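Asks: What follows is a protein structure lacking sequence information:
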């Protein structure tokens, strides 16, 4: 414990944040008084550090190297600056920084641009808190060598993160290996050197002009200008306490869509996220206020963004659903938008490819084959999806959609919302609804239905144990259906980079995929079946779900 106490005192001496200094001082005092709980807390904070990976950094706010704080961010910024200078040519690298409305996002962003400028980089700060897609757009629009977005997206309120993009040959996409390891090595060297207060800083950074945001608005509005059926459309929008609404409102005006009825309690940025347990539209209860608002407004459609507006959720009226509203699954939205993109590509004669993560619905491949387009299944994450050759559209089932790859090389919940509104309005002009579009898709391609089992753990070692058990004793059947083959992506499959993923194929054509979450302490199981009708497919899905739950219980 003495080593942790010494490390904490050294950390305390370089921490510029009064809040985390007080937090750590109080913790050290309780340790000195013999508190076992305080000792465990100190060990958790100082026995390791948040790992920098392809998702950047993400963790709970607090003091110590295993938390998100100003010392850790300073180390990350200095390490990333060293990486960019080593990678760059004669001209100083350009890096643009954005931030959302979470606690300390603005502080971390300003620390970063000051350190970037102090390291001799051309540092540009976006003009205010803005959605993640605006930062991803700005990297390409400004011809920057890199971008940093300070956000933890839809994570719990006490989290924050540091998301990194690269320009140039990477075309504004998120980093992939080996860049993550190279950046992490530079960060570690900064951390090993000690005191971050000696890092050179400069206020000579630039503030990005408003024209950058205006360019994003114009490009996004052009994704789907409002068709005739948009007039009078009654719909509801929630920003989930995030930063989406200001930009969404400007895009709607430019594209010609009617303003929605907004969920007033959730429309303005608030890093406390007071009305939801988790600010993620996928979580149970997160859209309850939106449904309440939709019932009162007699709405035809509900659209939600997550707090940094890189994800999109959609709900439609459904008399059989509890409360009269049903949230479409990420796969249902993804297949509708993929169908839209495929028809446009086929009509233009330009060709191209559709791409989705390997845990997303296999229905996208059926769409691609129907229209003579290429198809790519990738590892999870838009760092992989956005790199698919010839991509015209990509999605992942976790509510992420890339509808305009020529503009933004990342998931974008705002452009996806515009594309979906365009589909809804066009159907409306024909007297049809989004539910009718879902049924038309099934009639055309078959009923692809999916489900997910998500297990949140307090000890991530439990996830590793489950994955190890599955590999050591692979199941012969899931429920009453025999397993035909198991693909272990650790060995590399179908040309994909190695990943901690097991893909289990059943003899009836169903599929079960098991993998750890890349951003949260969760184990995720993805279930996919295809049937001649939605009713038949759901029966098979229910059986697969029950079998997967039994398998999981036996492993835990």
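Replies: Alright, I've got the coordinates. Small disclaimer: the values here were computed from a predicted structure and weren't measured.

Asks: Tell me, how many residues neighbour residue 506?
Replies: By other C-beta atoms under 10 Å, the residues close to residue 506 number 20. Bear in mind the C-beta positions are built from the backbone N, C-alpha and C, glycine included.

Asks: is it in a bridge, and if so with what?
Replies: Residue 506 has these beta-bridge partners by DSSP bridges: residue 483.

Asks: Kindly report the same for the one 10 residues further on.
Replies: Under the criterion DSSP bridges, residue 516 forms beta bridges with residue 523.

Asks: so who does it touch?
Replies: Applying C-beta atoms under 8 Å, 6 or more residues apart in numbering, we find residue 516 in contact with 460, 463-464, 467, 500, 522-524.

Asks: redo that, cut-off 10 Å
Replies: Residues counted as contacts of residue 516 (C-beta atoms under 10 Å, 6 or more residues apart in numbering) are 455, 457, 460, 463-464, 466-467, 499-501, 522-524.

Asks: so which of these comes closest to residue 392?
Replies: Nearest to residue 392 among the contacts of residue 516, counting by C-beta to C-beta, is residue 499 at 24.7 Å.

Asks: got a list of what the nearest residue to that closest one once chain neighbours are set aside touches?
Replies: Among residues not flanking residue 499 along the chain, residue 489 sits closest, at 4.5 Å (C-beta to C-beta, 6 or more residues apart in numbering). By C-beta under 10 Å, 6+ apart, the contact list for residue 489 reads 358, 379, 496-503, 513, 515.

Asks: rerun at 8 Å
Replies: 358, 379, 496, 498-503.

Asks: Low-confidence ranges, this structure, go.
Replies: Within the chain, the segments meeting pLDDT under 70 span 1, 519.

Asks: on that earlier part again, please pick the buried ones from the contacts of residue 516.
Replies: Neighbour counting with 16 or more other C-beta atoms under 10 Å marks 455, 457, 463, 466-467, 499, 501, 523-524 as buried within these.

Asks: got the contact list for the longest helix seen in the chain?
Replies: Secondary structure assigned by DSSP state H gives helix 534-555 as the longest helix of the chain. Contacts of helix 534-555 with the rest of the structure, by C-beta under 8 Å, 6+ apart, involve 442, 447-451, 453, 455, 466, 469-470, 475, 477-481, 506, 508, 510, 512, 525, 527, 529-531.

Asks: Just the buried residues from those, in PyMOL please.
Replies: Here is the PyMOL command that selects the buried residues among the contacts of helix 534-555 (16+ other C-beta under 10 Å):
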select buried, resi 442+447+448+449+450+451+453+455+466+470+475+478+479+481+506+510+512+525+527+529+530+531
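
Asks: ranges for the helices of the stretch 251-400 of the chain?
Replies: Counting by DSSP state H, counting those that start in this stretch, residue ranges of the helices within the stretch 251-400 of the chain are 288-297, 330-348, 363-370, 382-385.

Asks: Sorry, slip of the keys, the one I care about is the stretch 1-150 of the chain.
Replies: 2-14, 18-32, 36-46, 70-87, 105-118, 132-141.

Asks: most tightly surrounded among those helices?
Replies: helix 132-141 (a mean of 28; mean count of other C-beta atoms under 10 Å).

Asks: measure the closest residue to residue 54 other than its chain neighbours to residue 79 for me?
Replies: Leaving aside its sequence neighbours, residue 54 sits nearest to residue 180 (C-beta to C-beta, 6+ apart; 4.7 Å). Counting by C-beta to C-beta, to the nearest Å, the separation of residue 180 from residue 79 is 12 Å.

Asks: what do these two both touch?
Replies: By C-beta under 8 Å, 6+ apart, the residues touching both residue 180 and residue 79 are residue 52.

Asks: on that earlier part again, restricted to strands, list the contacts of helix 534-555.
Replies: Counting by DSSP state E, the contacts of helix 534-555 place 447-451, 453, 455, 477-478, 481, 506, 512, 525, 527, 529-531 in strands.

Asks: residues contacting residue 60?
Replies: Residue 60 makes contacts with 67-68, 158-159, as judged by C-beta under 8 Å, 6+ apart.

Asks: Look up how far residue 45 lies from it.
Replies: With distances taken as C-beta to C-beta, residue 60 is found 10 Å from residue 45.

Asks: Same question for residue 67.
Replies: Distance from residue 67 to residue 45, by C-beta to C-beta: 6 Å.

Asks: count of residues packed around the residue nearest to residue 54?
Replies: 19.

Asks: Now do it against residue 70, distance only.
Replies: Taking C-beta to C-beta as the measure, residue 180 falls 22 Å from residue 70.

Asks: on that earlier part again, residue 118: which of the contacts of residue 489 is nearest?
Replies: For the contacts of residue 489, the nearest to residue 118 is residue 379 (35.8 Å; C-beta to C-beta).

Asks: So for that closest one, what's the nearest residue that isn't a sequence neighbour?
Replies: What sits nearest to residue 379 in space, not counting adjacent residues and going by C-beta to C-beta, 6+ apart, is residue 499, at 5.0 Å.

Asks: three-state assignment of that neighbour?
Replies: coil (DSSP: H, G, I helix; E, B strand; the rest coil).

Asks: Repeat that for residue 181.
Replies: helix.

Asks: Roughly how far does it sit from residue 74?
Replies: Relative to residue 74, and taking C-beta to C-beta, residue 181 is found at 21 Å.

Asks: ditto for residue 131
Replies: From residue 131 over to residue 74 (counting by C-beta to C-beta), the distance is 25 Å.

Asks: if we can go back for a sec, so which of the helices of the stretch 251-400 of the chain is the most surrounded?
Replies: For the helices of the stretch 251-400 of the chain, where neighbours mean mean count of other C-beta under 10 Å, the stretch averaging the most is helix 382-385, with a mean of 26.

Asks: got the contact list for that one?
Replies: With C-beta under 8 Å, 6+ apart as the criterion, helix 382-385 contacts 54, 173-176, 355-357, 378, 391, 394-396, 400, 402, 409-411, 497.

Asks: try 6 Å this time
Replies: Helix 382-385 is contacted by residues 54, 173-174, 176, 355, 378, 394, 410-411 when judged by C-beta atoms under 6 Å, 6 or more residues apart in numbering.

Asks: Could you tell me the backbone phi and psi angles at the most far-flung residue of the chain relative to its centre?
Replies: Going by C-alpha atoms, centre = their mean, the residue of the chain most distant from its centre is residue 33, 42.2 Å out. For residue 33, the backbone dihedrals (degrees, to the nearest 10) come out as phi -90, psi 0.

Asks: burial count for residue 281?
Replies: 27.

Asks: Could you shift the numbering so residue one becomes 821, and keep it that way?
Replies: Taking 821 as the first residue, the last one we looked at is residue 1101.

Asks: What residue, apart from its backbone neighbours, is nearest it spatially?
Replies: residue 1133 (3.4 Å).

Asks: How many residues are close by the one you found?
Replies: 25.
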